[in-house]
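Trainee: please work out how this folds:
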Amino acid sequence: MNRFLAILLVCFPLALAANESNDNTDPKYLENAITLVDGKVTFQQTLEAPSLSKEELYDLFLNWANERFKPSNEKLNQNKVVYTNPQEGEIAAIAEEYIVFSSSALSLDRTRIYYQFFIKTEDGRCDLTMSRIRYWYDENRDGGQHYNAEEWITDKMALNKKKTKLAPICGKFRRETIDLKDKLFEDAAKVIGNIHPAQTPATTLVPAPTVAIESVPSTTPKELQTVTIEKLPANLSELAAAGRITVKANDEEIDMKADNWGGFGKLLTKDVAYTLVDQSRIAVNAAMEHSDNYTISFYPKGQTQPIVVIECKKVTAQKMTAEELKTLNQSADSSKNYTLYIGEILRIQMR
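Mentor: Down below sits the predicted model:
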């Protein structure tokens, strides 16, 4: 009994310290700590550097990004800078790392976190953005669970009803994600010696409405017309599943499956399209790998002319498992490996 009491006395201060370090009522983690931009969880920060030019800031942050976002080991190999544009002062990186919730000799509670990090430099300032956040939790147990930040760490999911404290499970993801964001922005600020960056909260935006096309009218115009991404039909995936989707690269047009379409996203300020290609499809991968530009076309069922044509400039290609791609396309075959192609959208045409 005395021995047990001694252990309790030793452990109690440690448990108390742990509770204090993981305060579930800290306002830092509560209401309005998470911001949405175009429906995506997004963190933004502006750093002021009046004495530095765009070019000087770009060089500083490129060196920092190349060091910060590099593979740490064989299991975390997706860290990399994937896009640079010195003329526009733009840098984009993708990240994969572990967040550890708790660790002991008997257990390890952690998750993989994936996100995109964007840097935009201008004369005297630098804008930072962290977005497209997702998680792979409990990976060693039956393949684990995959979550998007939008379904897991928002106020609705990660706070109690009164929004006075963090929820038991989702709350720890929210807390650690916010801490990671703060550390990233702090480390970036140190690049220019700016320990107290200017606060620029993200603005919650209402996405522009999309136009759903339930059926193709008989009066479909014969000529393709250039449109903005907001004018695209909301049911492109359904069109691809019911009809055809092709990719044209190096003057070769090849049929693909509906699950090859990964949807749209943002890379810095640019619209991008995601295309998933089964690595066993040698012809498609060869055509994509040897082409800087390619075209994705959507054909409605029974038609020989595409209703939507998307012209892309290849930005990067990343080999990934289907499990890693579940957040882009739930229908991806888990028995296959894919190559994810990210293409900057140059032009969109629609009939």
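
Trainee: where along the stretch 251-351 of the chain do the strands fall?
Mentor: 252-256, 261-267, 270-278, 293-299, 308-321, 337-350 (DSSP state E, counting those that start in this stretch).

Trainee: quick one: closest of the ones you listed to Tyr98.
Mentor: Ranking the strands of the stretch 251-351 of the chain by proximity to Tyr98 (C-beta to C-beta) places strand 308-321 first, at 17.5 Å. All C-beta atoms are positioned from the backbone trio N, CA, C, and that covers glycine.

Trainee: tabulate the strands of the stretch 251-351 of the chain (a markdown table), appending mean neighbour count and distance to Gln45.
Mentor: Shown next, in a markdown table, are the strands of the stretch 251-351 of the chain (neighbours: other C-beta atoms under 10 Å; distance: least, C-beta to C-beta, whole Å):
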| stretch | mean neighbour count | distance to Gln45 |
| --- | --- | --- |
| strand 252-256 | 14 | 39 |
| strand 261-267 | 19 | 17 |
| strand 270-278 | 21 | 20 |
| strand 293-299 | 20 | 34 |
| strand 308-321 | 18 | 24 |
| strand 337-350 | 19 | 24 |
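
Trainee: low pLDDT regions in the stretch 101-250 of the chain?
Mentor: Low-confidence segments of the stretch 101-250 of the chain (pLDDT under 70): 194-222.

Trainee: all strands of it, in order?
Mentor: Assigned by DSSP E, counting those that start in this stretch, the strands in the stretch 101-250 of the chain fall at 108-122, 125-137, 145-148, 225-227, 244-249.

Trainee: from the chain's centroid, how far away is the shortest one?
Mentor: Which is strand 225-227. 28 Å (C-alpha atoms, centre = their mean, to the nearest Å).

Trainee: show residues contacting that strand.
Mentor: Outside strand 225-227, the residues that touch it by C-beta atoms under 8 Å, 6 or more residues apart in numbering are 347-351.

Trainee: for Gly263, which non-adjacent residue is closest in space?
Mentor: Tyr274 (5.7 Å; C-beta to C-beta, 6 or more residues apart in numbering).

Trainee: run through the bridge partners of the one you found.
Mentor: Applying DSSP bridges to Tyr274 gives these bridge partners: Gly263, Ile342.

Trainee: that one contacts Asn260, correct?
Mentor: No - Tyr274 is beyond contact range of Asn260, at 9.7 Å (criterion: C-beta atoms under 8 Å).

Trainee: before we move on, back to that, now the strands of the stretch 101-250 of the chain in JSON lines, with mean neighbour count and distance to Glu289?
Mentor: Shown next, in JSON lines, are those (neighbours: other C-beta under 10 Å; distance: least, C-beta to C-beta, whole Å):
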{"stretch": "strand 108-122", "mean neighbour count": "20", "distance to Glu289": "23"}
{"stretch": "strand 125-137", "mean neighbour count": "21", "distance to Glu289": "24"}
{"stretch": "strand 145-148", "mean neighbour count": "17", "distance to Glu289": "27"}
{"stretch": "strand 225-227", "mean neighbour count": "12", "distance to Glu289": "28"}
{"stretch": "strand 244-249", "mean neighbour count": "21", "distance to Glu289": "9"}
